[in-house]
Every structure is written in C-alpha cells, then in structure tokens.
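>>> missing the sequence, but the structure's below:
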C-alpha cells in the first residue's frame, strides 16, 4: 500500500481519518487509522510534531502530526504482534511467529555461537590429549606383587644359567657377562616394548637381587 501513499494523502486532504467511502478496496485502512488515533488519545503511542515527540493533545488535529518509526514499531509489536508491515519490519521479522521476538532469536543465536566456541575448545583439548597419549605410548602395565615376584624369579634363574657354569666348570652358554646378554637381546628384538638397554639393566638387576634374596 506504500506505493499509493500520495493518492491516499490526496484523497484524505486535511482530515485525519478517511471515510468508509474513500477507499472501498482497502476496508482495513480506516480501521488501522482509528486504532492509531485511539492509541494516541490513550497515550499508548508517543507522538509529536515534525519528528519531535511532545505530549500535546492539540496536535491530534494538526496536519503536521508525526509518529516516530521506532515508537510505531514498538506499539505494533506490543498490541498487534501478528501485524508486521514491510515498512516497519524486515523479511526475517515478518516470518517469525508472533510469540517469538527478535530479541529472543538474537539471544538464541548468541547462545548457539557460544556453544560452538565451547565445542571447538573441547575438541582442541581432546585432540591435544590424543596427541599426548600417542606420544607417551601405551601405559605400562603394573603387575601384582606375586606376579612380579614370579617374573623376577624366572628372569633371575635364566640369567644364572646363561652366565653360570656346570659343576665341572663348563659354561652353560657362550654369554660371559650380562652386558653381552643385553646386547644380544637388543640386536634380535630391538623396538619391542621393554627391549631397551636402560629397561633391561634395571629389570635384570632386580631379577638378580630377587634370586639372591631367595
């Protein structure tokens, strides 16, 4: 209807409210104007002159009577939420359900962005933990005390045989030192869990102490 504004003003002239016969094609025009003037008289809708708001009832008959865009928009949102003319509301606002305000939509969008940011932070933290776990390798299994004792006794017993001699003085193996045993193990099984010089020295030393204590 905005494109017929000049025609409407020409027909209405100095009158505030059109008569029912003026625009038979638009029966709602007179009703909407009456609603606006009712809101002005009851001080529900601020008004003024030449764009300056002032509470002066004499202006209700003044041809220079004006209503600010933001005031008309707020009044319609409150009292006529299902009416959203294009000159006051954008396309998105006109498509919204009357029970849903623009402020509510903006709040939901802000919450969604905040949740997205939190999710991205958590995903980065999870990825950092995964990288750290891969860097550290699989966790070392802790044996129960009884199982560890059994394991140390077996290792200690094998070391005694590898490095020991028969009653007649014949060596049980060609290995003369624990260092030689460790070197051979690394040469044949390097890269396997536990097969490193540092770990083997520690475990063999503990095994020898266990056999000696027994």
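In hand now; what should we look at? Please read these numbers as outputs of a predicted model, since none were measured by experiment.
>>> C-alpha from now on. contacts and neighbour counts both.
Will do.
>>> could you identify the helix or strand that succeeds the lowest-mean-pLDDT helix or strand in the chain?
Each helix and strand of the chain was given a mean pLDDT (mean pLDDT, DSSP states H and E); the minimum falls on helix 91-95 at a mean of 66. Next in sequence after helix 91-95, counting helices and strands by DSSP states H and E, comes helix 102-136.
>>> ok, then the element right after that following helix?
Assigned by DSSP H and E, the successor of helix 102-136 is helix 145-163.
>>> how distant is that following helix from the center of its chain?
Relative to its chain's centre, helix 145-163 lies at 55 Å (C-alpha atoms, centre = their mean, to the nearest Å).
>>> helices and strands around it, which ones?
Helix 145-163 sits against helix 197-213, with contacts defined as 3 or more C-alpha pairs under 8 Å, 6 or more residues apart in numbering; DSSP states H and E.
>>> which residues touch the helix it packs on?
Contacts to helix 197-213, defined as C-alpha atoms under 8 Å, 6 or more residues apart in numbering, come from residues 149, 152, 153, 155, 156, 157, 159, 182, 183, 186, 194.
>>> now with 10 Å, please.
148-160, 178-179, 181-183, 185-186, 190, 193-194, 214 (C-alpha atoms under 10 Å, 6 or more residues apart in numbering).
>>> now residue 165: phi and psi?
The phi and psi values for residue 165, taken as degrees, to the nearest 10, are phi -130, psi 160.
>>> OK, contacts around it?
171, 172, 173.
>>> any idea how far residue 172 is from it?
According to C-alpha to C-alpha, to the nearest Å, residue 165 stands 5 Å off from residue 172.
>>> likewise for residue 88?
101 Å.
>>> what do you get for residue 7?
Following C-alpha to C-alpha, the distance that separates residue 7 from residue 172 is 119 Å.
>>> what about those two, which has more around it?
residue 172 (14 against 11; other C-alpha atoms under 10 Å).
>>> contacting residues for that one?
160, 161, 162, 163, 164, 165, 166.
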